[in-house]
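# Would you be able to build a 3D model of this:
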Amino acid sequence: MKEAVIVSTARTPIGVAFKGSLNNIKSPTMTAHAIRHAVDRAGVDPQGIDDVVIGSVLNAGTAGMNIARNASLAAGLPFSVPAQTVDRQCSSGLMAIAIAARQIIVDGMEIVVAGGQDNISAVQNEYLQWVGKEKDPHVVEHAENAYMPMLLTAENVINKFKISRESQDEYAFQSQMRTAAAQQAGHFDDEIVPIEA
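Presented below is the predicted three-dimensional model:
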């Protein structure tokens, strides 16, 4: 059986929505930056890429209109390289990688670029706000919580399992401290590709 392997990785730094140097970067540009570096690091000919699969949760604003396609074009990949966007909410990026692996193992493709992107600063616009208010009654009729955002879902889980605010804060603090320590130790240096606004 054919095997799928990851031969290179690249990612942008993580920023804070609506603040800092990444605030005004458009989604295709930011995603293209990671794609371009991953392809360069892999040492593959862009002409040989069979597909680009990008997972994205909020496909509005500059991430709309098939972010995978727009990002691959912004990365300078040939116009002939197809691209698809996957939305499986929080697991979108992992789903994109799983699809890419299947395309190689089952469909016989040789080179597939896969990953995930979300750029909160670039999708908070009037359209997204309208979608949040306007719910399709035919969807709600069958699943009243279909439009529930992750923050509200988290609040429901917290209430159901009685997770205290103190333990949440402690966990968040521990996570941030571990991340800061890992960054200071250089553990992310090989994967992060700096980007300038």
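
# residue ranges with poor pLDDT in the chain?
The model of the chain has pLDDT under 70 over residues 124-132.

# Grab the nearest non-local neighbour of the residue most central in space within the chain.
The chain has Q117 as the residue nearest its centroid, 2.3 Å off, counting by Cα atoms, centre = their mean. In space, and not counting its chain neighbours, Q117 is closest to T31: 4.3 Å by Cβ to Cβ, 6 or more residues apart in numbering. Heads up, the C-betas are built off the backbone N, CA and C, glycines and all.

# isn't that neighbour right next to A71, touching?
Yes - taking contacts as Cβ atoms under 8 Å, T31 lies within contact range of A71: 3.6 Å.

# Need the overlap of contacts for those two.
Here T31 and A71 have I54, Q117 as joint contacts, going by Cβ atoms under 8 Å, 6 or more residues apart in numbering.

# Which strands or helices does the longest helix belonging to the chain pack on?
Criterion DSSP state H: the longest helix present in the chain is helix 165-184. For helix 165-184, not one helix or strand is in contact under the criterion 3 or more Cβ pairs under 8 Å, 6 or more residues apart in numbering; DSSP states H and E.

# Export that helix to PDB, keeping only CA atoms.
Written as PDB, here are the backbone C-alpha positions of helix 165-184 (Å, rounded to 0.1, in the frame of the first residue of the first chain):
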ATOM      1  CA  ARG A 165     -13.500  29.900  36.700                       C
ATOM      2  CA  GLU A 166     -10.400  29.400  38.900                       C
ATOM      3  CA  SER A 167      -9.500  26.100  37.300                       C
ATOM      4  CA  GLN A 168     -10.100  27.500  33.800                       C
ATOM      5  CA  ASP A 169      -7.800  30.500  34.600                       C
ATOM      6  CA  GLU A 170      -5.200  28.100  36.100                       C
ATOM      7  CA  TYR A 171      -5.300  25.900  33.000                       C
ATOM      8  CA  ALA A 172      -5.100  28.900  30.600                       C
ATOM      9  CA  PHE A 173      -2.200  30.400  32.600                       C
ATOM     10  CA  GLN A 174      -0.300  27.000  32.500                       C
ATOM     11  CA  SER A 175      -0.900  26.700  28.800                       C
ATOM     12  CA  GLN A 176       0.400  30.300  28.100                       C
ATOM     13  CA  MET A 177       3.500  29.700  30.300                       C
ATOM     14  CA  ARG A 178       4.300  26.500  28.600                       C
ATOM     15  CA  THR A 179       4.000  28.200  25.200                       C
ATOM     16  CA  ALA A 180       6.200  31.100  26.300                       C
ATOM     17  CA  ALA A 181       8.800  28.700  27.700                       C
ATOM     18  CA  ALA A 182       8.800  26.600  24.400                       C
ATOM     19  CA  GLN A 183       9.200  29.800  22.400                       C
ATOM     20  CA  GLN A 184      12.000  31.000  24.600                       C
END
